[in-house]
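Participant: next come a sequence and a model predicted from it.
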Amino acid sequence: KAGVTQTPRYLIKTRGQQVTLSCSPISGHRSVSWYQQTPGQGLQFLFEYFSETQRNKGNFPGRFSGRQFSNSRSEMNVSTLELGDSALYLCASSPTLAGGRGQYFGPGTRLTVT
Amino acid sequence: AQSVTQLGSHVSVSEGALVLLRCNYSSSVPPYLFWYVQYPNQGLQLLLKYTTGATLVKGINGFEAEFKKSETSFHLTKPSAHMSDAAEYFCAVSGNNNNDMRFGAGTRLTVKP
């Protein structure tokens, strides 16, 4: 099976712009989660989607949003970018909502905000 | 709330030596526990997981971890380190019915020749 894919791998944006990141989960996986990884804050949970519905949300401002399509692919959007949004954004997929199945991560999208 | 604490942000071992990376968890319910590895410029790879059953869990690349409820620990070990083990390792905990995974701060493993 193909792994989790994320596009693009690298992005450079300017403060105030918006950005959309894309994630394709492993075939058959219906849960997609997003994480932000920074040197200062480490890995932080953004949100999880399952069957096109947001099931869980981390402690991030409303500028961070996402959606999931009927084929389980997911997109994450960040509006009005700030310098502090520079990070590696990781997408992870899992077969179900059950936490014990574990998650499988993509290579990430590295976002740089200038 | 569930959380994990990784003791030691940086561990250095010699090639062939024992690898021990420490993780303690906090959870009000039986947790699901995981170890992930991250190589530079890559995503996270699942090494092993504990859900229920046997407390000694074997993973990929010769790693294993033991769930000790009395010590609230889930330490990762490998009998003999290889140069290729140099990476960052993350311990994580998740709930029963969601994938809101909480990660530790990570431990960077260096392997000296």
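Facilitator: Arrived safely, thanks for sending.

Participant: when you work out contacts or count neighbours from here on, use the C-alpha atoms and nothing else.
Facilitator: Will do.

Participant: from chain A, how far out is the nearest residue to residue B:18 once chain neighbours are set aside?
Facilitator: Distances taken as CA to CA, 6 or more residues apart in numbering or on different chains put residue B:79 closest to residue B:18, at 4.6 Å, once the chain neighbours are dropped. Separation of residue B:79 from chain A (CA to the nearest CA, to the nearest Å): 25 Å.

Participant: packing partners of the lowest-mean-pLDDT helix or strand in chain A?
Facilitator: Among the helical and strand segments of chain A, the one scoring lowest on mean pLDDT, DSSP states H and E is strand A:53-57, with a mean of 91. If contacts are counted by 3 or more CA pairs under 8 Å, 6 or more residues apart in numbering or on different chains; DSSP states H and E, strand A:53-57 sits against strand A:42-50, strand A:64-68.

Participant: deepest-packed of the ones you listed, please.
Facilitator: Ranked by mean neighbour count, the helices and strands packed on strand A:53-57 are led by strand A:42-50 with a mean of 23 (mean count of other CA atoms under 10 Å in any protein chain shown).

Participant: so what touches that one?
Facilitator: The contact list for strand A:42-50, computed with CA atoms under 8 Å, 6 or more residues apart in numbering or on different chains, reads A:30-37, A:54-60, A:66-68, A:72, A:74, A:96-97, B:99-106.

Participant: quick check: buried residues in stretch A:85-93?
Facilitator: Within stretch A:85-93, the residues scored as buried using 16 or more other CA atoms under 10 Å in any protein chain shown are A:85-93.

Participant: now, the contacts of strand A:42-50 that are in strands?
Facilitator: A:31-37, A:54-57, A:66-68, A:74, B:102-103 (DSSP state E).

Participant: now, of those residues, which are buried?
Facilitator: Buried, going by 16+ other CA under 10 Å: A:31-37, A:54-55, A:66-68, A:74, B:102-103, out of those.
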